[in-house]
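K.L.:
quick one: sequence plus predicted model below, questions after.
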Amino acid sequence: MKAGKRAKIITLAVTAVCLAVIGVAIFSYTRGKETTSSGAGTSQERSEMTQGAGTAQEGAEMTRRAETTQTQETEAAAAVPETTHIADGLILLPGAAFSMGSPSTERQRQEDEVQHDVTVDSFYVDPYEVTQRDYEAVMGENPSVFDGENLPVDNVTWYNAIEYCNRLSESRGLTPVYTIDGNTVSWDRGANGYRLLTEAEWEYAARGGTETIYHFGNQVHSDYANFEDSYPYLIEENYVSRQDPEVVTSQNRGTTIAVDELPPNAFGLYQMHGNVAEWCFDYYGAYDLTNTVNPVGAECGSLRVNRGGSYNDFGKHLRSAYRSATNPLDADQNLGFRICRNAKALDETVTTTYSLDIAIPENPKILIAYFSYSGNTENAAKIIRDKTGADLFEITMEHPYNGNIYDVSQYDLMHDIHPALATHVEHMEQYDVILLGYPTWWATMPMPVYSFLEEYDFGGKTILSFSSHGGTMFGDSVSDLSKMAQDAYVGIGFEFHYSGGSGLSDEISQWLSASGIRER
């Protein structure tokens, strides 16, 4: 073969090899970008399901949010080295200081929302609540009341949530975060596995850089959150006589919805307000105003925090600053969770211990205390008395409510008035168990029940609540009860719709049995 021809062949061969190498590099880079953005689990299946065609304005807004999130992730990644590289679809949130809690001017705030500056380190967070598909794949079961692969898992206890985190970590070759030893749960902050958000991390993530009541503004609407939209924020002040034109009802869905439905916040996180309330790691307690860098809550307690409100909650319970406190053994159709993991390891182990050691004795002394307005709660209380032989006590007011239930219940609620009571329990110390009955009003207890709880020391006792309602179940009344009686064991309650119907007696028997209360 002539030298010139041989040179041409060699040149062509080299060119072909170079082109092949460049093609493989481009392909690999493209695949890498796809994997990084979509994750290894099911997150990628959700990411584009609800984009739709949209309007030009919506498209521009989504582009802006995507660019903002990408810039934040890039800046955070440059400042914080990732301890474990895994493509799981989680978003890197840059560490920052923010104002946690609510200002004193925020209406319907609670006393435990003390506003203070907090700093959190960067961390990775799932854009979505854990789905039923994801949960069943890891745990082998789906406890949810609502059914749908892309709906959030619901009806899970706090312990179910941390067990899921550990199992998911193991399945992906990561170090589990939690160690469970009886009533003690330890968190290895140096572990690279999945975990629940702390309460501070949750509020930082939910706010998305905002200081408004919700990440989308100062009023809530079903276009932005899935909640009991018959009762938007400040409805209590506008139900009978509409004073504020911003307080409007919209669509009450009455069920959970897909985790990727409705617009995300500026961090790219979906459903931070509503759908299911999300378990956090922390024990409930007053904020520690001295330890404000990566706070983790109280070392001991009996209630775990959940945040964000649910599909069945009032607008006031979806506020970014609102804190709900729940028995960690409580599995409710309002409760779910989302996961996160560290962006960098911390050389620290957090140990938390369940602080109550309260058990119902063999032959408990039981008091049935109830407040009733229309008679539904009174009827249930008398059925319980007939089944148990317990003492019966009616909570009555010095100046009883009279008239339309919406009118009579509003003033005291809006002004946080705990009215004086006409009746009082003698020798409350003799009782081991309090069965506390009330109608759920405005998603909480009637104010006379607050007066009753303030009057006595319930330390060491078991409190089991039963409540009639018009469709909102307990609302957040059990959380309110639990906050007021933190030295008592607040067990799983029983709720029934209006009069409870023909099955009320049997349902009460089931609840009593599950609660360890024997019928006579």
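P.N.:
Perfect, thanks for sending it.
K.L.:
what segments of the stretch 101-250 of the chain are strands?
P.N.:
Secondary structure of the stretch 101-250 of the chain (DSSP state E, counting those that start in this stretch): strands at 116-120, 123-125, 178-181, 184-188, 194-196.
K.L.:
who's in contact with the third one?
P.N.:
With C-beta atoms under 8 Å, 6 or more residues apart in numbering as the contact definition, strand 178-181 has outside contacts at 159, 162-163, 165-166, 185-188, 195. To be clear about C-beta, it is placed using only N, CA and C from the backbone, and glycine gets the same treatment.
K.L.:
what distance separates stretch 131-150 from the centre of its chain?
P.N.:
The chain centre lies 17 Å from the centre of stretch 131-150; the measure is C-alpha atoms, centre = their mean, to the nearest Å.
K.L.:
dump that stretch to CSV, restricted to CA.
P.N.:
What follows is stretch 131-150, C-alpha atoms only, in CSV (Å, rounded to 0.1, in the frame of the first residue of the first chain):
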residue,chain,number,x,y,z
THR,A,131,-45.9,8.2,48.8
GLN,A,132,-47.8,5.1,49.4
ARG,A,133,-45.8,3.5,46.5
ASP,A,134,-42.5,4.3,48.2
TYR,A,135,-43.7,3.3,51.6
GLU,A,136,-45.0,-0.1,50.5
ALA,A,137,-41.9,-0.9,48.6
VAL,A,138,-39.8,-0.4,51.7
MET,A,139,-42.1,-1.6,54.5
GLY,A,140,-44.1,-4.3,52.6
GLU,A,141,-47.4,-2.8,53.7
ASN,A,142,-49.6,0.2,53.1
PRO,A,143,-51.5,1.4,56.2
SER,A,144,-53.2,4.4,54.4
VAL,A,145,-56.9,5.2,54.8
PHE,A,146,-56.8,6.8,51.3
ASP,A,147,-55.7,4.6,48.4
GLY,A,148,-53.4,5.7,45.6
GLU,A,149,-49.8,5.0,44.7
ASN,A,150,-48.9,8.7,44.3
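K.L.:
what comes up buried for it?
P.N.:
Neighbour counts over stretch 131-150 (16 or more other C-beta atoms under 10 Å) mark 131-135, 138-139, 142-144, 146, 148, 150 as buried.
K.L.:
and stretch 325-337, by the same measure?
P.N.:
Neighbour count says stretch 325-337 has 325-328, 330-337 buried, by 16+ other C-beta under 10 Å.
K.L.:
what separates Asn252 from Phe314, distance-wise?
P.N.:
For Asn252, the distance to Phe314 equals 11 Å [C-beta to C-beta, to the nearest Å].
K.L.:
common neighbours of these two, please.
P.N.:
Common neighbours of Asn252 and Phe314 are listed as Glu228 (criterion: C-beta under 8 Å, 6+ apart).
K.L.:
more neighbours: which of the two?
P.N.:
Shown here are Asn252 and Phe314; by other C-beta atoms under 10 Å, Phe314 has more neighbours (24 against 16).
K.L.:
the more buried one and Trp442 touch, don't they?
P.N.:
Yes: using C-beta atoms under 8 Å, Phe314 is in contact with Trp442, at 7.2 Å.
K.L.:
so what sits against both of these two?
P.N.:
Counting by C-beta under 8 Å, 6+ apart, the residues touching both Phe314 and Trp442 are 231, 475.
K.L.:
was I right about Ala298 contacting Tyr287?
P.N.:
No: using C-beta under 8 Å, Ala298 makes no contact with Tyr287, being 9.7 Å away.
K.L.:
what touches both of those two?
P.N.:
With contacts defined as C-beta under 8 Å, 6+ apart, no residue is shared by Ala298 and Tyr287.
K.L.:
one step back: quick check: the farthest pair among the buried residues of stretch 325-337?
P.N.:
With C-beta to C-beta as the measure, no two of those lie farther apart than Ala325 and Gln333, at 18.1 Å.
K.L.:
how about the contacts made by Gly475?
P.N.:
So Gly475 contacts 313-314, 317, 440, 442-444, 469 (C-beta under 8 Å, 6+ apart).
K.L.:
what about Ile368, which helix or strand?
P.N.:
strand 366-370 (DSSP states H and E).
K.L.:
swap that for Ser479, sorry
P.N.:
Under the criterion of DSSP H and E, Ser479 resides in helix 477-484.
K.L.:
list the neighbours of that helix that are in contact with it.
P.N.:
With contact meaning C-beta under 8 Å, 6+ apart, helix 477-484 is reached by 112, 284, 302-303, 324-327, 436, 438, 440, 443-445, 450, 453-454, 463, 465, 467, 490, 493.
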